[in-house]
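J.: Provide a 3D model corresponding to the input given below.
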Amino acid sequence: MTENLGLSEKHDEEDPTVDEQEQDKFPSIKRNEKWVAPLGGRNITGQYDPRVNSYNRNTLVSLVQSEPTELDRRFMQSAQQLNREFPFNLYPNLGDPIGVMRPFIWTRIPSNASIFKEYSEDPSSGENAPHLEIIPGNESNQVLAVVMLLTPKSRGSIRLRSSNPLDPPLIDLGLFKHLFDVETLRIGVSRAVRFFSAPAWSDYITALFTPDPDTTPREIFNEAFIRGMAGSGYHTTGTAAMSARDKLKEGVIGPDLKVKGVKGLRIVDASVIPLIPTGHTQAPVYIVAEHAAELIREA
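T.: Residues are numbered from 1 along each chain as shown. Got it, this is the predicted structure:
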C-alpha cells in the first residue's frame, strides 16, 4: 500500500468534525507510523526527509523497497528535464503534493484553463490541489501510464435493494455523468504523453501505441478512448458518507461518526469520507481512525 496524504485542505473538507484550529492532520499520521529503512542497505540520501516521519509507532513505512530500475532512472531524468512542468517533490505528504516523486506524478490544471469556463468551476479544494495522478509502469516491451482523476464532478449513488438487510445494495459509481471528468482525463493523457516525450526516453520509447490526445479530434478521443478504456481505481469511498455540522439531515453518519437512527454504532473506515481524497485512501483512513479514537476517549 502507498501512504499518500493528498492535500491538507482536502482533508479539512472531508472531515467536518474538526474545528478550524484543529485542521492540521499531520500529527494523526505521525501517531501511526514507524519509519524503517528499505531492505538492502542502499544509500537513500536525498530520497526522503528524515524530519517528517515518526520512528516509534506501529505502522511500518518506508521507501520503495527495490533498487531503482532503468524505468525509475529515466523517470527521474524526465522530471529534471521538464522541471517547470513536472517539478521534483521530495515529500508530497506535507500538504503540497503537486510534483514528481518516484513512482508518481501529481499534476494540476492551471486555474485559468478554458476547461473551467467550458465545463465547470474548478472542483478542487485549493490552488495546491492536484486534479490528476499519473502512475508509470512497464509491461513486457511497453511503457504504461495509468491516469487517475482525483477531482471528479460526477457523483455516484447507493440505494437499498430491498427491506432485507442481507441483500446487496444497488451501487451506481456514476462514472462520467459530468463532461468535466472526461475532458480532465483527456488532459491527463496529454500530460502523460508530454512527460514521456522528454529526452530521457528518446532511445527507450519508440512510438505511441494509443491514439494521440493532441492530434485526435476531441470528441472522437473522449468517446472512443476515455469512455471506452476508463474504469474504477478500486479505491471507492463515501458509501456511508459523513454529514457536515450544518447539514445533519444528510449523510449516513453524523460528525461524531455515529450511524443516524442507530444507538451505539460508529463507522470508522473509508466509507465515511464524503469526498474522494486527492490521494490514495490509506492515509486518510488513518486520519479518520485517529480522530475517531479521540472522540471515543472523550465520550
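
J.: residues of the helix or strand hosting Q80 that come out buried?
T.: Element membership for Q80 (DSSP states H and E) is helix 70-81. Counting neighbours by 16 or more other CB atoms under 10 Å, one finds that the buried residues in helix 70-81 are L71, R74, F75, M76, S78, A79. Quick note: C-beta positions are derived from backbone N, CA and C, even for glycine.

J.: Stretch 90-109 too?
T.: 91-93, 95-109.

J.: From L257, how far out is E290?
T.: The span separating E290 from L257 equals 12 Å under the rule CB to CB, to the nearest Å.

J.: Ok, E223 next?
T.: Applying CB to CB, the value for E223 to L257 is 41 Å.

J.: Also D122?
T.: D122 is 30 Å from L257, by CB to CB.

J.: V36 now?
T.: As defined by CB to CB, V36 lies at a distance of 31 Å from L257.

J.: One more: G228?
T.: For G228, the distance to L257 under the criterion CB to CB works out to 39 Å.

J.: Compare those two and say which one has the larger neighbour count.
T.: More neighbours sit around L257 than around the other of G228 and L257, counting by other CB atoms under 10 Å; the figures are 20 against 9.

J.: how about the helices of the stretch 101-250 of the chain, start to end?
T.: Under the criterion DSSP state H, counting those that start in this stretch, helices of the stretch 101-250 of the chain are mapped to 115-118, 179-195, 218-220, 227-229.

J.: Pull out the buried positions in the next helix-or-strand element following the last one.
T.: Looking back up the chat, that one is helix 227-229. Using DSSP H and E, the helix or strand that follows helix 227-229 towards the C-terminus is helix 282-298. Within helix 282-298, the residues scored as buried using 16+ other CB under 10 Å are Q282, A283, P284, V285, Y286, I287, V288, A289, E290, H291, A292.

J.: per-residue pLDDT, the second one?
T.: When you say that, I think you mean A283. The confidence metric pLDDT takes the value 83 at A283.

J.: Verify the stated contact: it with I29.
T.: Yes: under the criterion of CB atoms under 8 Å, A283 makes contact with I29 at 6.1 Å.

J.: And for R191, nearest residue in space, chain neighbours not counted?
T.: T107 (5.5 Å; CB to CB, 6 or more residues apart in numbering).

J.: was I right about that neighbour contacting I134?
T.: Yes: in this structure, T107 sits in contact with I134. The criterion is CB under 8 Å, and the distance is 6.7 Å.

J.: pretty sure L160 is in contact with L170, am I right?
T.: Yes: the pair L160 and L170 qualifies as a contact (CB under 8 Å) at a distance of 7.4 Å.

J.: if we can go back for a sec, from the buried residues of helix 70-81, pick the one nearest D203.
T.: Of all those, the one sitting nearest D203 is R74; the distance, using CB to CB, is 9.6 Å.

J.: Excluding sequence neighbours, find me the nearest residue to the closest one.
T.: Leaving aside its sequence neighbours, R74 sits nearest to A200 (CB to CB, 6+ apart; 4.6 Å).

J.: How about K260?
T.: The shortest distance from K260 to any non-neighbouring residue, by CB to CB, 6+ apart, is to G254 (6.1 Å).
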